[in-house]
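> Here's my sequence, what's the structure:
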Amino acid sequence: APINAQKMISSSWILEGTDYYRSNPKNPGFLARFDKGDINTFLFGGSYVYIPIVGAQTNAQLLEIHASKKIPNGLEFTTLLSKGWIGDTASLNQLTNSTFNKTVQGAYATLGYDVSNMVGFSQRKVVPFWHIEYAKPTSAILSDTLGGTANSVGLDWFFTPKLVAKIEYRNSNIEGERIGFGFGFVY
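Residues are numbered from 1 along each chain as shown. Below is the predicted model:
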């Protein structure tokens with residue numbers, strides 16, 4: 001869906017404004033994605049997103065690559081690298097009366113180890129993990145907005161091969177400390 005420039009705020013770059021398709025369905029963006037491999041052994045891929053920014057007559061583009069590897073001994077690793085661009089920030093800055101970064105980038109990596117055999121489970125069930133991430137504009141903006149680093153430690157508990165519960169402790173220089181709980185479905 002295209003983005004409505006008047007709903008965008010610089011602190012979250014292109015996160016807001018994505019409901020513009022309701023009033024302008026003839027100006028769509030697109031997503032292209034590829035994956036190769038198997039999520040249970042080795043998977044890599046990437047995606048490209050093109051998003052029109054209606055009102056500022058420009059666009060945003062996002063590119064990401066990702067990979068994951070699970071080794072039979074229990075070690076697993078996942079990573080993602082991303083970069084985004086806005087075509088013409090001058091018109092967007094003037095329209096929104098704020099300062100948007102032309103580019104942003106981010107990355108994360110997660111390292112886990114399946115301890116199921118150690119606790120007597122015959123299948124992959126319990127995976128403690130460590131996670132690190134960062135997001136960075138290429139030029140500085142307000143310190144309490146887009147950008148920053150975070151570290152997490154946690155545990156994934158697979159009720160079934162496709163259903164997982166997660167608990168994690170996270171420390172971020174933007175969000176501070178927090179504990180999170182969640183459930184997920186692995187496709």
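> hey, what's residue 153 bridged with?
Beta bridges link residue 153 to residue 130, residue 169, judged by DSSP bridges.
> Any figure for the gap between it and residue 69?
20 Å (C-beta to C-beta, to the nearest Å). (C-beta placed from N, C-alpha, C; glycine too.)
> likewise residue 160?
As judged by C-beta to C-beta, residue 160 and residue 69 stand 22 Å apart.
> neighbour count winner among those two?
Using other C-beta atoms under 10 Å as the criterion, residue 160 and residue 69 rank with residue 69 on top: 14 against 10.
> how about the more buried one, what does it touch?
By C-beta atoms under 8 Å, 6 or more residues apart in numbering, residue 69 lies in contact with 41, 42, 76, 77, 78.
> So the last one is in contact with residue 110, correct?
I take that to be residue 78. Yes. With contact defined as C-beta atoms under 8 Å, residue 78 reaches residue 110; the gap is 4.5 Å.
> returning to that earlier point: I'd like to know which of the contacts of residue 69 are part of strands.
42, 76, 77, 78 (DSSP state E).
> Do a quick rundown of the strands in this protein.
Using DSSP E, strands in the chain cover 3-4, 30-37, 42-54, 58-70, 75-86, 103-113, 126-137, 148-158, 163-172, 176-185.
> To residue 120, which of those strands lies closest?
Closest approach to residue 120 among those (C-beta to C-beta): strand 126-137, 10.2 Å.
> buried stuff in the closest one?
Within strand 126-137, the residues that qualify as buried are 126, 127, 129, 131, 133, 135, 136, 137, counting by 16 or more other C-beta atoms under 10 Å.
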